[in-house]
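[1] Provided below are the primary sequence and the corresponding predicted coordinates.
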Amino acid sequence: MAFTLTSPAFITGDVLPQAQVYNGMGQSGQNLSPALTWKGAPEGTKSFVVTVYDPDAPTGSGWWHWVVVNIPPNVTTLPEGAGSGRGGMPEGALQIRTDFGVPGYGGAAPPPGRVHRYVFTVYALDVPKLEASADSSPALVGFMVHHHQLAAASLTALYGGPAK
């Protein structure tokens, strides 16, 4: 069985629903992390990491919208709003500081002018825990993930507005 990631809110290529759009920076979304479900993790998986990344942000390094580490291996779903303080974050899981400057989900908030890709990824890791804190950078977490990754599954949603 292939390692897969799904959401009831969208499929790859869909426009990101307004519920998952940021409330601020010119946007008026609900800023709710989407429900996510994964299956088919490889044998030996000891934890999961979930990330949301916008490679199209005009920063030179993209934009990290959500990073969750240390999700236990028996967890295969996150409910809508888990990353937005609505409950449902698994015990032991840790949200890391994003490019918004704080831990937790930050929805799509692209500047006007082009459509951006929002890549939701779940990583299966061979370690039960990453040595990260809530103030760790997403780049540091990425470095650790890629040293312990057994598999990854992604979904990509689109969001953007008309030019100014």
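    It's in. The structure presented is a predicted model; accordingly, all values stated were derived computationally and were not measured.
[2] ranges for the helices of this protein?
    Shown for the chain, the helices assigned by DSSP state H span residues 138-148.
[3] shaky segments in it?
    161-164 (pLDDT under 70).
[4] Where do the strands of it begin and end?
    Using DSSP state E, the strands of the chain run over residues 4-6, 23-24, 27-28, 36-39, 47-54, 63-71, 77-78, 94-95, 115-125, 149-160.
[5] Next, format those as JSON lines and append mean neighbour count and distance to Ser136.
    In short, each C-beta sits where N, CA and C put it, glycine included. As requested, those are arranged in JSON lines below (neighbours: other C-beta atoms under 10 Å; distance: least, C-beta to C-beta, whole Å):
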{"stretch": "strand 4-6", "mean neighbour count": "16", "distance to Ser136": "23"}
{"stretch": "strand 23-24", "mean neighbour count": "14", "distance to Ser136": "24"}
{"stretch": "strand 27-28", "mean neighbour count": "13", "distance to Ser136": "26"}
{"stretch": "strand 36-39", "mean neighbour count": "19", "distance to Ser136": "21"}
{"stretch": "strand 47-54", "mean neighbour count": "23", "distance to Ser136": "12"}
{"stretch": "strand 63-71", "mean neighbour count": "24", "distance to Ser136": "8"}
{"stretch": "strand 77-78", "mean neighbour count": "19", "distance to Ser136": "20"}
{"stretch": "strand 94-95", "mean neighbour count": "20", "distance to Ser136": "9"}
{"stretch": "strand 115-125", "mean neighbour count": "22", "distance to Ser136": "15"}
{"stretch": "strand 149-160", "mean neighbour count": "18", "distance to Ser136": "17"}
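[6] Quick one: closest of these to Ala134.
    Ala134 sits nearest to strand 94-95 of all these, at 6.3 Å, using C-beta to C-beta.
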